[in-house]
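**Student:** model the structure of this input:
(2 chains)
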Amino acid sequence: MITIAIAKGRMQDDALALLARAGVRLSEDARNSRRLAIADESGDYRFIFVKPADVPVYVEHGIADCGVVGRDVLLESQADLLLPLDLGIARCRIVVAGPDAEIMTRSLGMLRVATKYSQIANTHFGARGIPVEIIQLSGSVELAPALGLADLIVDLVETGRTLRENGLTVVEEIGESTGRLVVNRASYQLKSEPITQLVQALETVLNGDARA
Amino acid sequence: MRYYIGAEARLRRTIEDTAMSVFESWSYEEVITPSVDYYDLFEQGMGHKEAQRGFRFTDNDGRLLALRPDVTSSVARMAATLLAERPRPLRFCYAAPVFRQQPQSHAEWRRENTQLGCELIGVNGKSADLEVLRLANEILSRLDLQTTYCITINNVEIFNGVAAHLELTTPARERLRRLIDTRETAELQRFLDSCSNSEGRAFSQPTQLTGSSEVIRAARNVITNSRSIAALDSLEELWTEIESLGLADRFEIDLSDVSSLDYYTGLSLRVFVDGAGTSVGRGGRYDGLTGNFGRAEPAVGFVLNLDALTEVLVRRNANV
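**Tutor:** Numbers count the residues shown, from 1 in each chain, chains lettered A, B, ... in the order given. Here you go, the predicted structure:
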């Protein structure tokens, strides 16, 4: 049996839809159930639903053989995993945002950056030699500049609406994030056959979409 | 920081004894090296990047010391200096704790790990490589794991040959290595598409595979540079021997094992056991190592992680 960890929330429905098209289906009952670990119709796969940040943890320890999670979470976790497929789901951008575009050139001494992604923010500003103080938050990051907690934020943006409504604009784009299939290193060797099959089935679906 | 108490300590001791008795039956002599040595030794032995993960401190005269982050460095220096006159080959084994900070992977990292390891120094070629592979397999098969295990083998010269052929810059070579290591298929293909020669563009395909001789056949179809072909030849010879010993179901060829290119010079191997999320052992050929201590000669060896193996067996026993 192959255990697949799925990030709850934003990505969950897209991930399940994609897996269903690749032949790994959950029954209607199972999808509506509130259990956190359920088997698929064939019984060859087991799904576990966990918070996005926990997906790399489960997979790195080999409790789950594979997982579906955003690249943003992977960059933040620095987990040692295989990343065979970009699933192209839940596409969004990782950006630096602030009240106006000039803020970075105005305050050269030390910028305060509020974010859920302290690793990504540190790497981004560190690589360019910009001194920053990272303020770690766990949600509603857009509030921080308005209330004076920080000068800038580093966050995910899908449409940009939340940013606009809180008086922020994108200052810089750090990168793009999409849902990725991740695989545990040991599982890839020890369960190579079913895992290769899953990867190939997903690849076929994705290639079909790309051509259409 | 882990305690082993009573039954767990006995189990751990049994695993250690099993490994050491297998080593002994193959005429490997036990060696006990200092726990604390000059940092310089480990930097020469492991390279700057790996040795840096060791715990470092100074003595009263300001000299930099380290808690040993590996045993191989000490054995290599011993072979090159203390035992320079002894007839070859040298066969050594050890069971000793090593100390590291900074995880490579969150799942496998402990500050202290006990390595069960061996070094075969002074012989080159297929028979020496095969000897350590058989040793690793014999230890694992005698451990009563009752689960599947798998030893993956590769030859790092396959990658090195392709990278040299593509004339990559150091950062580009590191990017290629990283993409192969994490099996990022699409990004790898995009990276290789930018290469001007056809061997490069086709190289992504065989690195995706893991399996038996079909992997070598797939690689032969796309690889044309002589350095990689020589490495493929020796890997294939090794595989034929493994097959003829009836051990093919215990081994897999994995061309994507490119995690320690600076250290290994030929064969590289990794050990995976069902129930452990990361590899529980690794090794390979490091012909460049003893030269750092003034006497260049071929060497091959591996280590198994005693604590990771104990963890697998403890958890298995708890489940029955």
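
**Student:** nearest spatial neighbour of the spatially most central residue of chain A, skipping sequence neighbours?
**Tutor:** Central residue of chain A (C-alpha atoms, centre = their mean): residue A:70, 1.9 Å from the mean position. Leaving aside its chain neighbours, residue A:70 sits nearest to residue A:177 (5.0 Å; criterion: C-beta to C-beta, 6 or more residues apart in numbering or on different chains). (Glycine included, C-beta is placed from N, CA and C.)

**Student:** where does the closest residue to chain A within the stretch 151-300 of chain B fall, phi/psi-wise?
**Tutor:** When scored by C-beta to the nearest C-beta, the stretch 151-300 of chain B has residue B:277 as its residue closest to chain A, at 2.5 Å. Main-chain torsions, residue B:277, degrees, to the nearest 10: phi -80, psi -20.

**Student:** that one against residue A:64, yeah?
**Tutor:** No: the pair residue B:277 / residue A:64 is not scored as a contact, 9.4 Å apart, by C-beta atoms under 8 Å.

**Student:** neighbour count winner among those two?
**Tutor:** When neighbours are counted by other C-beta atoms under 10 Å in any protein chain shown, residue B:277 and residue A:64 differ, and residue A:64 comes out ahead with 27 against 24.

**Student:** hmm, residue A:184 and the more buried one touching each other?
**Tutor:** Yes: with contact defined as C-beta under 8 Å, residue A:64 counts as touching residue A:184 (7.2 Å).

**Student:** wait, what's in contact with the nearest residue to residue A:12 once chain neighbours are set aside?
**Tutor:** Spatial nearest neighbour of residue A:12, excluding adjacent residues (C-beta to C-beta, 6+ apart): residue A:6 at 5.8 Å. By C-beta atoms under 8 Å, 6 or more residues apart in numbering or on different chains, the contact set of residue A:6 is A:12, A:15, A:16, A:47, A:48, A:49, A:50, A:55, A:67, A:68.

**Student:** what bridges to the fifth one?
**Tutor:** The one in question is residue A:48. Note on residue A:48: beta-bridge partners residue A:5, residue A:37, judged by DSSP bridges.

**Student:** how about the contacts made by residue 146?
**Tutor:** All of this refers to chain A. By C-beta under 8 Å, 6+ apart, the neighbours of residue A:146 are A:99, A:166, A:167.

**Student:** can you look at chain B instead?
**Tutor:** residue B:316.

**Student:** per-residue pLDDT of it, please?
**Tutor:** Per-residue confidence (pLDDT) for residue B:146: 73.

**Student:** any idea how far chain A is from it?
**Tutor:** Distance from residue B:146 to chain A, counting by C-beta to the nearest C-beta, to the nearest Å: 14 Å.

**Student:** confirm that that residue sits in a helix.
**Tutor:** No: if the criterion is DSSP: H, G, I helix; E, B strand; the rest coil, then residue B:146 is coil and not within a helix.

**Student:** that one and residue B:309: what is the separation?
**Tutor:** Using C-beta to C-beta, to the nearest Å, one obtains 13 Å as the distance from residue B:146 to residue B:309.

**Student:** show me where pLDDT drops low in the chain?
**Tutor:** All of this refers to chain A. Low-confidence segments of chain A (pLDDT under 70): A:107-108.

**Student:** please refer instead to chain B.
**Tutor:** In chain B, residues with pLDDT under 70: B:104, B:196, B:320.

**Student:** per-domain residue ranges of it.
**Tutor:** B:1-147+B:304-320, B:148-273 (automatic domain parsing).

**Student:** for the shortest one, what is the distance to the chain centroid?
**Tutor:** Spelled out, it's domain B:148-273. Put simply, domain B:148-273 sits 15 Å off its chain's centre (C-alpha atoms, centre = their mean, to the nearest Å).

**Student:** ok, residue A:170 to residue B:172 distance?
**Tutor:** 30 Å.

**Student:** sorry, wrong one. I was asking about residue A:167.
**Tutor:** 42 Å.

**Student:** quick one: which of the two has more around it?
**Tutor:** residue B:172 (15 against 12).

**Student:** assumed that one was part of a helix.
**Tutor:** Yes: assessed by three-state DSSP, residue B:172 belongs to a helix.

**Student:** assumed residue B:278 was part of a helix.
**Tutor:** No: assigned with three-state DSSP, residue B:278 falls outside any helix and is coil.

**Student:** what's the burial count for it?
**Tutor:** Neighbour number of residue B:278 under other C-beta under 10 Å is 22.

**Student:** ignoring the adjacent residues along the chain, who's closest to it?
**Tutor:** residue B:108 (4.0 Å).

**Student:** quick one on the thing from earlier: now the contacts of residue A:146 in a markdown table, with distance to residue B:116 and secondary structure?
**Tutor:** Converted to a markdown table, the contacts of residue A:146 look like this (distance: C-beta to C-beta, whole Å; DSSP: H, G, I helix; E, B strand; the rest coil):
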| residue | distance to residue B:116 | secondary structure |
| --- | --- | --- |
| A:99 | 59 | coil |
| A:166 | 57 | coil |
| A:167 | 61 | coil |
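
**Student:** look up which helix or strand residue B:253 falls in, please.
**Tutor:** In the assignment (DSSP states H and E), residue B:253 maps to strand B:251-254.

**Student:** equivalent analysis for residue A:206, please.
**Tutor:** helix A:192-211.

**Student:** okay, the domains of chain B, which one's buried deepest?
**Tutor:** Highest mean neighbour count among the domains of chain B (mean count of other C-beta atoms under 10 Å in any protein chain shown): domain B:148-273, with a mean of 19.

**Student:** next, work out how far apart the closest residue to residue B:253 other than its chain neighbours and residue B:119 are.
**Tutor:** Using C-beta to C-beta, 6+ apart and skipping the chain neighbours, the partner closest in space to residue B:253 is residue B:215 (4.5 Å). Residue B:215 is 28 Å from residue B:119, where distance means C-beta to C-beta.

**Student:** tell me the SS of the residue in the stretch 101-250 of chain B positioned nearest to chain A?
**Tutor:** Among the residues of the stretch 101-250 of chain B, residue B:105 lies closest to chain A, at 3.6 Å counting by C-beta to the nearest C-beta. Under three-state DSSP, residue B:105 falls in the coil class.

**Student:** the stretch 101-250 of chain B against chain A: which residues are in contact?
**Tutor:** For the stretch 101-250 of chain B, the residues in contact with chain A (C-beta under 8 Å from any C-beta of the partner chain) are B:104-107, B:148-150, B:152, B:182-187, B:210-211.

**Student:** just those now: which is nearest residue B:167?
**Tutor:** Relative to residue B:167, the closest of these is residue B:187; by C-beta to C-beta it sits at 20.6 Å.

**Student:** that closest one contacts residue B:180, correct?
**Tutor:** No: Residue B:187 is not in contact with residue B:180 according to C-beta under 8 Å; the separation is 10.4 Å.

**Student:** which positions in chain A make contact with chain B?
**Tutor:** Counting by C-beta under 8 Å from any C-beta, chain A sits next to chain B at A:57, A:60-63, A:79-86, A:183-186, A:188-190, A:192, A:203.

**Student:** just to revisit the earlier point, which one of the residues of the stretch 101-250 of chain B next to chain A is nearest residue A:112?
**Tutor:** Distances from residue A:112 to those, taken by C-beta to C-beta, are shortest for residue B:106, at 28.7 Å.

**Student:** excluding chain neighbours, what is closest to the closest one?
**Tutor:** Nearest to residue B:106 is residue A:60, by C-beta to C-beta, 6+ apart, at 5.7 Å.
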